[in-house]
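Enquirer: This is a predicted model, with the sequence first.
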Amino acid sequence: MNALSIHLPALQVIIPLLTAPLAALLRQRGLAWAAATASSLCSLAVAVSLVAAVRNGGLQTYAVGSWEAPYGIELIVDEFSALLLLIVTGASSAALLVAHTSLGKEIAADRQHLFYTAWLLALAGLSGIVVSGDAFNIFVFMEISSLATYILIAGGPRRQALAAVFRYLIMGTIGATFYLIGVGLVYMMTGTLNLADMEARIHEASDLKPVLVAGGFITVGLALKAAVFPLHAWLPNAYTFAPHSVSVFIAACSTKVFLYVLLRFDFFVFQGNLPGHIMQFSGFMLPLAVAAVLFGSAIALMEKDLKMLLAYSSIAQIGYILLGASLVSATGLTAGIAHMFNHALAKGALFLAVACMGTAYGVLSIEGVAGAARRMPFTAAAFVVAGLSLIGIPGTAGFISKWYLVLAALEFGPGGALLIAPVLAGSVMAVIYIWKVVEAAYFGEAPVAGGRAEAPWWMLSVLWAVVLLNLYFGIQPMLPLELASEAAAALLDRS
């Protein structure tokens, strides 16, 4: 076991990457799904093992091919990356467990093995971004995950999925190009791609102007990939028109991975070497975060399509994460990082409930799911509990990170109390748009008479497992909070 534990960072990427071609060969739908699900669950088990290893033994490193950094490729797992790995692998596993049923109506049987191949490549790419210790391999895994995600979204049953993919492809390509230009400029001035070595060498550069320009390119590029307001235009349609199980996967983890890389660069690489950089980061991101909370929540209030409503809600939740990070304090960063985990639980559960509703309803609008509580009582109840977590009701996971965000705002100074207003306003608007769905489901008249048509038991089992995790981490939040606080301390120590 000790010999195997040494290779855990590499296994996190290798398992889905090697299973992908196997899934492509298994042309029968059931076999390809089984291989993908087993691979994802193994990746989740590796992520859990890495969390335990990080909590017990600190930083986990792996030198690929025994070539030590900075000359070789280094994989690194610390508290921050361990938490992200839990989010990525957990979201993938939950989504795949329900995909066997939901994808049957959305993807042609003769193409499903290729679809699961793309899924595994997306999982490998996102995991690779999180564990990579050098900037160029982050770009490589970024492209692997992005190209695979385009395929996943294009599998949506509606024709609008193709337009959504095209917009995502254009904006994602621009973001990746900006990132690569920035990395090239830093490499030109430091001669290294290893993040730790890059951080140590930047101050030796004869001219910091190219590094300043690089910081701008990297920040904007990653903000595009993370759908930071106002660079969010690709996200609503991508979430809405993707297959239901794909929406579960990408809504829970995709943008958070790129926010992770953004924070790594701004706090780890640039801050110690560029005077005043972190204050510039705060001054730039703070108003955008507040605008994201208000804009995303306001648009969600007006949406009638259920998935579009949840997509705009995600823009607001990205704003909460950035708001915590832009306060540049231990409490603020802890709140932002913890909210990555808590929002993944809440939004993952909500999109899982939507996937369950999709088994009985063709049109997933607020009017279309009227009376859903009578036809699908367990699904409707799960949606309510997950919605309470998204709002931030005490006793749910969502409350923990929002409470820490309020504490961070109070610590910010005289103007910090003003930042509580958008946090509370976003939560109040979340109450309204979640209530719109609940009101239709519980008190609305069904447009078409029909008997009970609850989702299959295995879909409900996965849905309620995630819902109960929202309640468990609302009562026992120590695991994500410990990882988030350690990650925040490490980022601030570097800065």
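Expert: Now that the structure is in, tell me what you want to look at.

Enquirer: From here on, just use CA atoms for contacts and neighbour counts.
Expert: OK.

Enquirer: Residue 395 contacts residue 469, correct?
Expert: No. Contact criterion C-alpha atoms under 8 Å: residue 395 and residue 469 do not qualify, at 11.3 Å.

Enquirer: What strand or helix carries residue 68?
Expert: Remark: residue 68 resides in no helix or strand, with elements defined by DSSP states H and E.

Enquirer: contacting residues around it?
Expert: residue 74 (C-alpha atoms under 8 Å, 6 or more residues apart in numbering).

Enquirer: Next one: it relative to residue 74, how far apart?
Expert: Computed as C-alpha to C-alpha, to the nearest Å, the residue 68 to residue 74 distance reads 7 Å.

Enquirer: and if you look at residue 284?
Expert: Residue 284 is 32 Å from residue 74, by C-alpha to C-alpha.

Enquirer: which one of these two has more residues nearby?
Expert: residue 74 (24 against 12; other C-alpha atoms under 10 Å).

Enquirer: So for that one, what's the pLDDT?
Expert: Looking at residue 74, its pLDDT reads 84.

Enquirer: ok, the residue nearest to it when sequence neighbours are not counted - contacts?
Expert: Once flanking residues are discounted, residue 74 sits nearest to residue 63: 4.8 Å by C-alpha to C-alpha, 6 or more residues apart in numbering. Shown in contact with residue 63 (C-alpha under 8 Å, 6+ apart): 69, 72-75.

Enquirer: Return the closest of those with respect to residue 363.
Expert: residue 75 (44.5 Å; C-alpha to C-alpha).

Enquirer: Distance check, the closest one against residue 133.
Expert: 5 Å.

Enquirer: higher neighbour count, the two?
Expert: residue 133 (25 against 22).

Enquirer: Output the contacts of residue 63 in a markdown table; the columns should cover secondary structure and distance to residue 314.
Expert: Formatted as a markdown table, those follow (DSSP: H, G, I helix; E, B strand; the rest coil; distance: C-alpha to C-alpha, whole Å):
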| residue | secondary structure | distance to residue 314 |
| --- | --- | --- |
| 69 | coil | 37 |
| 72 | coil | 37 |
| 73 | coil | 34 |
| 74 | strand | 32 |
| 75 | strand | 30 |
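
Enquirer: now these in a markdown table, with distance to residue 163?
Expert: Shown next, in a markdown table, are the contacts of residue 63 (distance: C-alpha to C-alpha, whole Å):
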| residue | distance to residue 163 |
| --- | --- |
| 69 | 42 |
| 72 | 40 |
| 73 | 37 |
| 74 | 38 |
| 75 | 36 |
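
Enquirer: For the stretch 51-200 of the chain, which segments count as helices?
Expert: For the stretch 51-200 of the chain, the helices defined by DSSP state H, counting those that start in this stretch occupy 79-102, 112-131, 135-154, 160-190, 195-201.

Enquirer: What residues does residue 154 make contact with?
Expert: 161-162, 164-165, 242.

Enquirer: Recalculate using a threshold of 6 Å.
Expert: Shown in contact with residue 154 (C-alpha atoms under 6 Å, 6 or more residues apart in numbering): 161-162.

Enquirer: That one and residue 316, how far apart?
Expert: For residue 154, the distance to residue 316 - C-alpha to C-alpha - is 25 Å.

Enquirer: With residue 428 instead?
Expert: For residue 428, the distance to residue 316 - C-alpha to C-alpha - is 12 Å.

Enquirer: Of those two, which one has the most company?
Expert: For residue 428 versus residue 316, the count of surrounding residues by other C-alpha under 10 Å is larger for residue 316: 30 against 14.

Enquirer: Neighbours of the spatially closest residue to that one that is not a sequence neighbour, how many?
Expert: With sequence-adjacent residues excluded and distances taken as C-alpha to C-alpha, 6+ apart, residue 316 is closest to residue 293, at 3.9 Å. Number of residues near residue 293 (other C-alpha under 10 Å) recorded here: 30.

Enquirer: what's the answer for residue 457, then?
Expert: Every residue meeting other C-alpha under 10 Å relative to residue 457 is counted, giving 9.

Enquirer: Let me see the contact set for the residue nearest to residue 316.
Expert: By C-alpha under 6 Å, 6+ apart, the neighbours of residue 293 are 316, 319, 426.

Enquirer: can you do 7 Å?
Expert: By C-alpha atoms under 7 Å, 6 or more residues apart in numbering, the residues touching residue 293 are 316-317, 319-320, 422, 426.

Enquirer: thinking again about what came up before, do you know how far the residue nearest to residue 74 is from residue 161?
Expert: 40 Å.

Enquirer: gap between the residue minimising distance to the centre of the chain and residue 247?
Expert: When C-alpha atoms, centre = their mean is applied to the chain, the residue found nearest the centroid is residue 253 (2.1 Å). Using C-alpha to C-alpha, one obtains 10 Å as the distance from residue 253 to residue 247.

Enquirer: again, but for residue 238
Expert: Counting by C-alpha to C-alpha, the gap from residue 238 to residue 247 is 8 Å.

Enquirer: ok, these two, which is more surrounded?
Expert: Taking neighbours as other C-alpha under 10 Å, residue 238 and residue 247 compare with residue 238 leading, 31 against 26.

Enquirer: what's near enough to touch the more buried one?
Expert: Taking C-alpha under 7 Å, 6+ apart, we find residue 238 in contact with 153, 164-165.

Enquirer: Okay, and it sits in which element?
Expert: Assigned by DSSP H and E, residue 238 belongs to helix 235-241.

Enquirer: For that helix, list the C-alpha coordinates in CSV.
Expert: The C-alpha coordinates for helix 235-241 follow below in CSV (Å, rounded to 0.1, in the frame of the first residue of the first chain):
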residue,chain,number,x,y,z
LEU,A,235,-21.9,29.6,-19.6
PRO,A,236,-25.7,29.9,-19.6
ASN,A,237,-26.3,28.2,-22.9
ALA,A,238,-23.6,25.6,-22.3
TYR,A,239,-25.3,24.5,-19.0
THR,A,240,-28.8,24.7,-20.4
PHE,A,241,-28.5,22.8,-23.7
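
Enquirer: now whichever helix or strand comes after it and helix 79-102, what's the angle there?
Expert: Downstream of helix 235-241, the next assigned helix or strand under DSSP H and E is helix 244-263. Interaxial angle, helix 244-263 versus helix 79-102 (axes from the mean of the first three to the mean of the last three C-alpha atoms, to 10 degrees): 170 degrees.

Enquirer: Rounded mean pLDDT for helix 244-263, please.
Expert: Mean predicted confidence for helix 244-263 is 91.

Enquirer: what's around residue 399, how many residues?
Expert: 23.

Enquirer: and it, helix, strand or coil?
Expert: Three-state assignment for residue 399 (DSSP: H, G, I helix; E, B strand; the rest coil): helix.

Enquirer: what number of residues lie near the residue lying closest to it once chain neighbours are set aside?
Expert: In this structure, residue 399 finds its nearest non-sequential neighbour in residue 392, 3.9 Å apart by C-alpha to C-alpha, 6+ apart. As a burial measure, residue 392 scores 26 neighbours (other C-alpha under 10 Å).

Enquirer: what residues are up against residue 392?
Expert: Listed by C-alpha under 7 Å, 6+ apart, the contact set of residue 392 reads 398-399, 402.

Enquirer: quick one: which of those residues is nearest residue 103?
Expert: Checking the contacts of residue 392 one by one against residue 103 (C-alpha to C-alpha), the nearest turns out to be residue 398, at 29.3 Å.

Enquirer: How much space separates that closest one from residue 388?
Expert: 8 Å.

Enquirer: Of the two, which one has the most company?
Expert: Set residue 398 next to residue 388 and count neighbours by other C-alpha under 10 Å: residue 398 wins out with 30 against 24.
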